[in-house]
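> Mind folding the following:
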Amino acid sequence: MKRRLIHTLVCTLTAMSLAGCIESQDPTYEQTTRVRVGDLAPAFVVETLDDQTISLDNLRGRVVLLTFFSSACPDCHAQFEHIKSRITAFDSSKFRFLPIARNEKRATVEQFRLENGYTFDMGFDPEGEIYALYATRYVPRNYLIDSDGRVISISAEPTPAQLDALLSTITEITN
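Numbering: from 1, shown residues only. Next up, the predicted model:
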């Protein structure tokens, strides 16, 4: 009995240590992205916290920064903190920031916006149907869409430097 217990323990510990050596099977950002740079951005309609119904097609003529996020995501919050004061400086006739909460109901997104003092409008995608047009996994995820409706840049979980570059690109193409 004692020998059997020791054998089981040794086998379990060996299996656990070997599991740590196995590479993660999580898909990459590239593998989970359904839209590519150069593609026409998939059309959708989203309801926002400011009681607007926004159609991506109706934003043609403006540059759009489409950001998918989750209120429980620390990286999403960090991104919003990094860009919140700078995003409002863009001319609204040429640019639209459109953050959409993936798989979250209105009340959750309202609470997130209130708790963090965000003043920009936010959309919500409670069933993840809009997000599914663009990707299968990972937030925050940004799609920069030009005035013709084409995706010109994609980033997932961007660093502050990548966000600064994204904001610089927006400045360049909206001036």
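> next SSE after the helix or strand hosting residue 115?
Following DSSP states H and E, the helix or strand that holds residue 115 is helix 106-116. For helix 106-116, the following helix or strand on the C-terminal side (DSSP H and E) is strand 123-125.
> Not counting its own residues, what contacts that next one?
46-49, 54, 68, 98-106, 108-109, 130-131 (CB atoms under 8 Å, 6 or more residues apart in numbering). Every residue, glycine included, has its C-beta placed from N, CA and C.
> Looking at those residues, which are in strands?
When DSSP state E defines the strands, the subset of those inside them is 46, 47, 48, 54, 68, 98, 99, 100, 101, 102.
> What about those residues, which one has the most neighbours?
Compared across the ones in strands among the contacts of strand 123-125, residue 101 has the highest neighbour count, 30 neighbours, by other CB atoms under 10 Å.
> Verify the stated contact: that one with residue 71.
Yes. Counting by CB atoms under 8 Å, residue 101 touches residue 71, with 6.2 Å between them.
> Touching both of those two, which residues are there?
With CB under 8 Å, 6+ apart, residue 101 and residue 71 have common neighbours 108, 109, 112.
> Looking at those residues, which is nearest residue 146?
residue 109 (26.8 Å; CB to CB).
> Show me what the helix holding residue 115 is packed against.
Under the contact definition 3 or more CB pairs under 8 Å, 6 or more residues apart in numbering; DSSP states H and E, helix 106-116 sits against helix 74-87, strand 95-102, strand 123-125.
> Select, out of the ones you listed, the one closest to residue 164.
helix 74-87 (8.2 Å).
> so what does the closest one touch, helix or strand wise?
By 3+ CB pairs under 8 Å, 6+ apart, helix 74-87 packs against strand 63-69, helix 106-116, helix 160-174.
> chain center to the second one, what's the gap?
In terms of CA atoms, centre = their mean, to the nearest Å, the centre of helix 106-116 is set 17 Å apart from its chain centre.
> buried sites along it?
Buried residues in helix 106-116, counted by 16 or more other CB atoms under 10 Å: 108, 109, 110, 112, 113.
> All set, thanks.
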